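>>> have a look at this fold, sequence not included:
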């Protein structure tokens, strides 16, 4: 079993749709969680950190469920520019960082 | 502006030659940096952890004699692909972060290597 698992997709959605991604992690000692976005042929960039209480940034909402060991990302009112690969990232303290394989999203007009 | 800078962005080299990629932390001192490789349409794969002043820690299956890592200062780590082959063609990315679980991971811009 991979340490961090994501549905690879791709998710094909129309503009304006709401889409949700889930990510599960196996190490219960994991301490911090992030969602990164990676555009084609570019480096990953931080989208948002994920806090236990859940957090929202505009159209993006992230949730963490420690008991079930999963995190989620919800994108509302999808835009064409949201098309990218979304990476789930888990840190287990110190420097150890595990990346999910990424979920590809295509938003169509 | 960039927090971690990587150079070069693109490089084409002949089979058998060596290529050096630099990763610099611009706004902080990074005792630890990471090197990843990503093939088209695949996920990031951690190659090695670069430790300032000591030997790098390589992931299983990564040849340390082929991928030489040097972390001579707190702001610079280099990855040298030695005796490059076409199958080494890939996107190489470095990252760095401050110690502590909650600190953001910053990525370099990545380096596209094509071996012909």
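Received the coordinates, thanks. The structure displayed is predicted, hence computed values, not measured ones. Numbering: from 1, shown residues only, chains lettered A, B, ... in the order given.
>>> lowest average confidence, helix or strand, in chain A?
Of all the helices and strands that make up chain A, the one with the lowest confidence by mean pLDDT, DSSP states H and E is strand A:97-99; it has a mean of 83.
>>> does chain B sit close to stretch A:101-109?
Yes - residues of stretch A:101-109 contacting chain B under CB under 8 Å from any CB of the partner chain: A:101-102. Placement of C-beta: from N, CA and C, glycine included.
>>> what about the residue positioned nearest the centre of chain B, distance to chain A?
The centre of chain B sits closest to residue B:35, judged by CA atoms, centre = their mean, with a distance of 3.5 Å. Between residue B:35 and chain A the distance, using CB to the nearest CB, to the nearest Å, works out to 12 Å.
>>> that older thread, which strands or helices does the least confident helix or strand of chain A pack on?
The contact analysis (3 or more CB pairs under 8 Å, 6 or more residues apart in numbering or on different chains; DSSP states H and E) places strand A:97-99 against strand A:84-91.
>>> list the buried ones in the least confident helix or strand of chain A?
By neighbour count on 16 or more other CB atoms under 10 Å in any protein chain shown, the buried set for strand A:97-99 is A:97-99.
>>> flag the shaky bits of chain B, pLDDT-wise.
Where chain B drops to pLDDT under 70, the residues are B:1-2, B:99-102.
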